[in-house]
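Chemist: have a look at this prediction, sequence included:
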Amino acid sequence: MTKVQINTGFSYSVLIEKGLFQKIGPLLKNEIKGKALVLTDERVGNLYADLILKQLKESEIQGDIYRVKEGEDSKSLCVYGEILEYMAANNYHRNDTLISLGGGVIGDLGGFVAATFQRGMEYIQMPTSLLAAVDSSVGGKTALNLREGKNLVGAFKQPLAVYCDPEVFKSMERERFADGVAESIKYGILFDRDLFNLFKSPLTKEDERLEELVEKAVKHKAEVVARDEFEKDERKLLNLGHTIGHSIERASGFKITHGHAVAIGMAVMAKACSKRQILKETERDEILEVLKKNDLPTDTSFSVEVLFEHIYKDKKSDGKNITIVEIEEIGKCRLKKIPLLSFKEYIEEGIDDCRDCS
């Protein structure tokens with residue numbers, strides 16, 4: 001079993017091991033003091049809910065399941081309110097624990113429920129997607145979407161623990177698995193040329209490297225979060241590709257999934273940085289090639305105007321300025337605060353160049 005310590009205001013561990021969910025009971029018993037509510041979606045619930053309930057029962061923990069529909073639509077105020085009403089009606093209290101069993105949507109939703117129910121209760125992250133394992137389950141960001149944009153309501157709430165079983169990635173759809181690959185490639189572009197190079201051989205759901213890759217990505221995030229828990233400065237680097245990515249998700253009505261949209265966002269920034277002579281053309285081409293090798297897109301059919309309309313409402317913008325992530329080289333990026341309208345030029349350059357080189 002691999003252990004990564006997350007040293008925030010509240011420190012906790014990320015445990016990574018294939019087959020971990022099959023023996024999770026003693027770990028849950030060690031953390032949970034009252035009842036447990038397992039929040040999951042319909043697909044993941046059908047696969048793993050009975051297993052987790054069995055583990056809870058064997059550990060003498062009273063447990064129940066709450067299922068929501070799969071997808072971004074469940075990160076809404078309406079669904080959030082329904083969960084709170086269910087918990088209140090079924091006598092859950094602050095000393096009970098919520099378990100987020102699922103991907104990024106469930107982790108974000110469950111974390112926000114935990115941050116706000118009775119002014120805060122404990123929760124545990126059990127990511128079942130590669131994306132959630134390497135990114136959203138670690139670091140304490142929780143969020144809901146509004147009609148006007150993604151993740152516009154949220155709070156910072158660190159979990160009691162994160163339990164990751166890479167074995168469950170085998171049940172993922174290929175497209176959803178690729179979402180997590182995109183987020184993993186992001187860490188290579190940001191911090192680690194060696195990690196990036198691992199993706200030159202495409203990652204698969206059965207890959208023996210999965211446990212190692214999750215560990216490397218989580219360690220990089222842990223280091224950043226320890227220095228900047230509340231995203232005042234350095235943690236903004238983790239938004240590489242996300243500003244453009246979120247706008248693509250919104251423009252598509254979330255038909256384009258998060259990781260695919262982020263991949264496009266990273267490609268656009270790589271091209272724009274290359275055009276501005278910040279990033280070498282050879283490294284730009286490496287980034288595009290690695291994304292394509294891992295079945296990820298590098299271009300969008302949406303116009304600059306459509307994307308910029310959504311970017312204007314992005315939470316990383318203050319209405320006049322926006323902090324962007326420029327790629328200097330693979331393994332090294334930097335933050336830059338620029339006027340919002342100047343970012344439109346980056347998008348124009350990146351989209352035009354992506355089409356030229358696709």
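Modeler: Thanks, I have it.

Chemist: shouldn't Lys29 be in contact with Gln62?
Modeler: No - between Lys29 and Gln62 there is no contact under CB atoms under 8 Å: 11.9 Å. From N, CA and C alone the C-beta is placed, and that goes for glycine too.

Chemist: out of these two, which sits in the more crowded spot?
Modeler: The residue with more neighbours, out of Lys29 and Gln62, is Lys29; 15 against 12, by other CB atoms under 10 Å.

Chemist: could you pull out the helices for the protein?
Modeler: 25-31, 42-44, 50-58, 77-89, 104-116, 130-131, 174-191, 193-198, 210-227, 242-251, 258-275, 281-293, 304-311, 340-357 (DSSP state H).

Chemist: okay, now the closest residue to Lys170 other than its chain neighbours: neighbour count?
Modeler: Leaving aside its sequence neighbours, Lys170 sits nearest to Lys205 (CB to CB, 6 or more residues apart in numbering; 5.0 Å). By other CB under 10 Å, 19 other residues sit near Lys205.

Chemist: quick one: Lys205 from Asp50, how far?
Modeler: Per CB to CB, to the nearest Å, Lys205 is found 22 Å from Asp50.

Chemist: who's in contact with the nearest residue to Leu203 once chain neighbours are set aside?
Modeler: Nearest residue to Leu203, sequence neighbours excluded (CB to CB, 6+ apart): Val181, at 5.2 Å. By CB atoms under 8 Å, 6 or more residues apart in numbering, Val181 lies in contact with Leu130, Phe199, Leu203, Gly259, Asn294, Leu296.

Chemist: same check, this time on Ala178
Modeler: By CB under 8 Å, 6+ apart, the residues touching Ala178 are Gly259, His260, Asn294, Asp295, Leu296.

Chemist: any of these buried? List them.
Modeler: By neighbour count, with 16 or more other CB atoms under 10 Å, the contacts of Ala178 hold Gly259, His260, Asn294, Asp295, Leu296 as buried.

Chemist: so the third one sits against Ile185, correct?
Modeler: The reference is to Asn294. Yes - using CB under 8 Å, Asn294 and Ile185 qualify as a contacting pair, with a distance of 7.0 Å.

Chemist: overlap of the contact sets of the two?
Modeler: When contacts are counted by CB under 8 Å, 6+ apart, Asn294 and Ile185 have Phe199 as shared neighbours.

Chemist: how is this structure partitioned into domains?
Modeler: Domain assignment of the chain by automatic domain parsing yields the ranges 2-171, 233-357.

Chemist: got the end-to-end distance for the first one?
Modeler: Its first and final residues considered, domain 2-171 spans 22 Å by CA to CA, to the nearest Å.

Chemist: let me know the average pLDDT across it.
Modeler: Mean pLDDT, domain 2-171: 97.

Chemist: repeat that for the shortest one.
Modeler: Taken as a whole, domain 233-357 has a mean pLDDT of 92.

Chemist: from the chain's centre, how far out does that domain sit?
Modeler: 17 Å (CA atoms, centre = their mean, to the nearest Å).

Chemist: would you mind listing the residues in contact with Lys157?
Modeler: Contacts of Lys157 by CB under 8 Å, 6+ apart are Gly111, Phe112, Ala114, Ala115, Gly120, Tyr123, Gly140, Thr142.

Chemist: sort out which of these are buried, if you could.
Modeler: Buried, going by 16+ other CB under 10 Å: Gly111, Phe112, Ala114, Ala115, Tyr123, Gly140, Thr142, out of the contacts of Lys157.

Chemist: ok, those vs Gly81, which is closest?
Modeler: Phe112 (11.4 Å; CB to CB).

Chemist: measure the residue lying closest to that closest one once chain neighbours are set aside to Glu17 for me?
Modeler: Counting by CB to CB, 6+ apart, the nearest residue to Phe112 once its immediate chain neighbours are dropped is Thr142, at 4.0 Å. Note on Thr142: its distance to Glu17, by CB to CB, is 25 Å.

Chemist: how about Tyr312?
Modeler: 44 Å.

Chemist: returning to that earlier point: which pLDDT value does the model give the residue nearest to Leu203?
Modeler: 98.

Chemist: need the contact list for Lys200.
Modeler: Glu289, Val290, Lys293.

Chemist: mind putting those residues in a markdown table, distance to Lys23 included?
Modeler: Formatted as a markdown table, these follow (distance: CB to CB, whole Å):
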| residue | distance to Lys23 |
| --- | --- |
| Glu289 | 40 |
| Val290 | 35 |
| Lys293 | 35 |
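
Chemist: so among these, which ones count as buried?
Modeler: Buried among the contacts of Lys200 (16+ other CB under 10 Å): Val290.

Chemist: just the closest of the contacts of Lys200 to Leu335, please.
Modeler: Using CB to CB, those come closest to Leu335 at Val290, 22.9 Å.

Chemist: ok, and the closest non-adjacent residue to the residue sitting furthest away from the middle of the chain?
Modeler: Most distant from the centre of the chain: Glu60, at 32.0 Å, with distances by CA atoms, centre = their mean. Of all residues not flanking Glu60 in the chain, Lys29 sits nearest, at 7.2 Å (CB to CB, 6+ apart).
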